[in-house]
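Chemist: missing the sequence, but the structure's below:
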């Protein structure tokens with residue numbers, strides 16, 4: 001018995017393009033940016049002209065669904081690999097416009113030199129050169145007379161043989177009869193299998209994610225507004241990072257401007273805050289998990305296809321309900337009040353810069369909790385406190401780093417059964433017991449990664465608690481971070497390098513403080529015992545060398561804010577290893593103090 005789960009059929013390029021134009025094959029990315037360089041389009045055409053293979057396309061047929069009247073409907077084929085190649089062919093051969101990475105609509109014009117049988121990307125010099133056909137799309141235009149084209153070309157190039165030019169252009173026109181293999185995957189395959197096939201067939205390409213599949217399902221849906229929903233997701237993410245794109249939407253997509261989405265999301269173009277710039281994957285995760293009570297995006301793909309998880313059949317009614325729920329989730333995500341609140345919660349915890357947040361999924365689940373809490377009518381102040389503490393716990397425990405989908409799924413099902421308040425209040429004490437602060441956290445801080453969540457949480461703690469920068473009398477850590485201040489080595493880097501310490505040793509996060517650059521420069525590579533002695537002298541009427549603090553109690557308070565053992569001010573020097581051990585404990589206590597006031 002055959003276990004083959006696919007069929008492979010060669011089809012002429014011409015047939016393939018006809019299918020795409022008619023909708024027989026859906027290209028879900030057709031409305032998304034075309035990322036190929038024009039030279040890659042040129043190379044594809046040259047391969048076809050030379051008769052070389054151009055790789056397989058992979059199509060996956062949507063499952064047959066049961067309609068409301070009891071009849072069944074065969075699904076479209078979705079092109080899941082080969083989108084860029086097919087788009088390139090449509091652009092070059094049919095003159096179709098494509099969207100660039102900047103969402104600019106452009107034409108890709110490929111020129112052809114019949115005498116040299118050579119392709120090139122059209123440019124002003126080529127367009128002025130009679131030896132070139134400046135845009136091969138005219139060769140494939142059904143209204144073009146091949147005889148007239150050859151006559152016109154040879155009149156402009158008198159040394160050419162009409163017969164030779166005719167044969168060459170006829171050969172060029174013939175590339176639409178070249179065959180491309182289409183691997184059609186069985187409609188009953190699950191997403192994991194489809195993904196595995198994609199990876200094995202196309203190891204050189206970009207890997208497909210579950211979010212890519214979901215976006216494909218959304219884009220090719222014509223019954224429940226999938227195309228508009230897809231644009232809403234894409235446009236919101238793009239506007240978050242490129243506000244000027246708003247004018248392009250207004251100018252070139254009047255249909256979307258007239259939709260219910262545009263007015264509800266255009267505000268994002270006026271926001272300069274980049275603390276949460278979501279990708280389409282982030283939007284899908286939040287919208288899906290908050291609305292459906294599930295955490296795995298493969299389930300979203302199945303539900304959008306109409307899968308009934310009990311009967312294992314596909315039903316149109318389930319697809320309709322699923323699109324409705326996803327739409328609600330997207331509208332909740334782009335709601336200005338909701339989005340403002342989640343960013344406000346992050347800032348109120350001390351996370352004032354996007355680079356202080358290493359886990360986008362920690363934000364995503366915090367947003368999910370916020371949306372679910374609103375639905376459960378949790379009082380606003382209480383909900384903000386719960387979400388703030390959950391986010392901080394997620395960062396400290398790297399909760400969504402290893403298997404985010406499984407953890408999302410577990411957490412949202414618990415929230416469904418127990419409610420937001422009860423679940424959050426039960427998890428946090430288990431994740432952050434007393435032993436975490438006194439034993440585990442100091443050990444976790446034995447790292448040289450400045451991107452460590454523990455260092456980010458320490459910085460957030462200093463912001464939240466209003467700490468001043470290292471040796472600063474007036475300048476806060478918050479102000480320094482917002483002005484891209486120096487991360488300073490308490491035991492100077494050059495001093496430690498001269499002592500034979502490696503990069504992993506001198507760049508320990510336990511050796512980092514946030515300081516004004518002039519203080520950092522003044523300390524330079526001095527031995528710690530030398531500059532700490534000068535600090536003590538500065539507080540006893542001596543020369544003011546580092547910052548503006550001249551009072552001993554103020555200096556000790558600054559040490560406390562920055563978790564520096566005050567023994568150093570008393571002249572009791574510590575070895576570097578002793579200093580790191582002591583400071584990690586002090587930093588852990590600072591983070592515990594921070595968490596207690598969230």
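Modeler: Received, thanks. Owing to the predicted nature of the structure, the values given are computational and were not obtained by experimental measurement.

Chemist: which residues of the chain fall in strands?
Modeler: 6-12, 25-26, 57-61, 65-66, 72-73, 77-81, 98-99, 105-106, 110-113, 118-121, 179-185, 486-489, 512-515 (DSSP state E).

Chemist: so which of the ones you listed is the most packed in?
Modeler: Ranked by mean neighbour count under mean count of other Cβ atoms under 10 Å, the strands of the chain are led by strand 512-515, which reaches a mean of 24. In short, each C-beta sits where N, CA and C put it, glycine included.

Chemist: rewinding a little: which one, of the strands of the chain, ends up nearest to residue 554?
Modeler: strand 512-515 (16.1 Å; Cβ to Cβ).

Chemist: thinking again about what came up before, how about JSON lines for the strands of the chain, with distance to residue 313 added?
Modeler: Converted to JSON lines, the strands of the chain look like this (distance: least, Cβ to Cβ, whole Å):
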{"stretch": "strand 6-12", "distance to residue 313": "22"}
{"stretch": "strand 25-26", "distance to residue 313": "22"}
{"stretch": "strand 57-61", "distance to residue 313": "16"}
{"stretch": "strand 65-66", "distance to residue 313": "6"}
{"stretch": "strand 72-73", "distance to residue 313": "10"}
{"stretch": "strand 77-81", "distance to residue 313": "20"}
{"stretch": "strand 98-99", "distance to residue 313": "37"}
{"stretch": "strand 105-106", "distance to residue 313": "42"}
{"stretch": "strand 110-113", "distance to residue 313": "47"}
{"stretch": "strand 118-121", "distance to residue 313": "49"}
{"stretch": "strand 179-185", "distance to residue 313": "19"}
{"stretch": "strand 486-489", "distance to residue 313": "58"}
{"stretch": "strand 512-515", "distance to residue 313": "58"}
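
Chemist: Which one of those strands lies nearest to residue 352?
Modeler: Among the strands of the chain, the nearest to residue 352 by Cβ to Cβ is strand 512-515 (12.2 Å).

Chemist: Paired strands for the closest one, with orientation please.
Modeler: Strand pairing for strand 512-515, determined by DSSP bridges: strand 486-489 (antiparallel).

Chemist: Tell me the gap between the partner strand and the middle of its chain.
Modeler: How far strand 486-489 lies from its chain's middle: 29 Å, per Cα atoms, centre = their mean, to the nearest Å.

Chemist: and if you look at stretch 98-115?
Modeler: Chain-centre distance of stretch 98-115: 27 Å, with Cα atoms, centre = their mean.

Chemist: now stretch 495-511
Modeler: 34 Å.

Chemist: picking that back up, which among the strands of the chain is found nearest to residue 584?
Modeler: For the strands of the chain, the distance to residue 584 is smallest for strand 512-515, at 11.4 Å, taking Cβ to Cβ.

Chemist: so how far is residue 360 from residue 384?
Modeler: Relative to residue 360, residue 384 is positioned 20 Å away (criterion: Cβ to Cβ, to the nearest Å).

Chemist: between these two, who's got more neighbours?
Modeler: Using other Cβ atoms under 10 Å, the more surrounded residue of residue 384 and residue 360 is residue 384, with 20 against 17.

Chemist: quick one: contacts for the more buried one?
Modeler: When contacts are counted by Cβ atoms under 8 Å, 6 or more residues apart in numbering, residue 384 touches 341, 344, 345, 348.

Chemist: surely the last one meets residue 388?
Modeler: What it means is residue 348. Yes - contact criterion Cβ atoms under 8 Å: residue 348 and residue 388 qualify, at 6.4 Å.

Chemist: And the two? Which one has more around it.
Modeler: Neighbour comparison, residue 348 and residue 388: the larger count goes to residue 388, with 22 against 15 (by other Cβ under 10 Å).

Chemist: Looking at the more buried one now. What's its pLDDT?
Modeler: Here the pLDDT value assigned to residue 388 is 98.

Chemist: separation between it and residue 341?
Modeler: 11 Å.

Chemist: now do residue 78
Modeler: 37 Å.

Chemist: for residue 80, same thing?
Modeler: Residue 80 is 37 Å from residue 341, by Cβ to Cβ.

Chemist: what's the answer for residue 441, then?
Modeler: Counting by Cβ to Cβ, the gap from residue 441 to residue 341 is 29 Å.

Chemist: try residue 303
Modeler: With Cβ to Cβ as the criterion, residue 303 and residue 341 are 28 Å apart.

Chemist: When these two are compared, which one has more neighbours?
Modeler: Comparing residue 303 with residue 341 by other Cβ under 10 Å, the one with more neighbours is residue 303, at 23 against 19.

Chemist: Quick one: mean pLDDT for stretch 284-292?
Modeler: In this model, stretch 284-292 carries a mean pLDDT of 97.

Chemist: For the spatially most central residue of the chain, give me its contacts.
Modeler: Using Cα atoms, centre = their mean, the residue of the chain that lies closest to the mean C-alpha position is residue 279, 4.2 Å off. Residues counted as contacts of residue 279 (Cβ under 8 Å, 6+ apart) are 237, 360.

Chemist: and what of the one 4 residues further on?
Modeler: For residue 283, the residues meeting the contact criterion (Cβ under 8 Å, 6+ apart) are 233, 236, 237, 330, 333.
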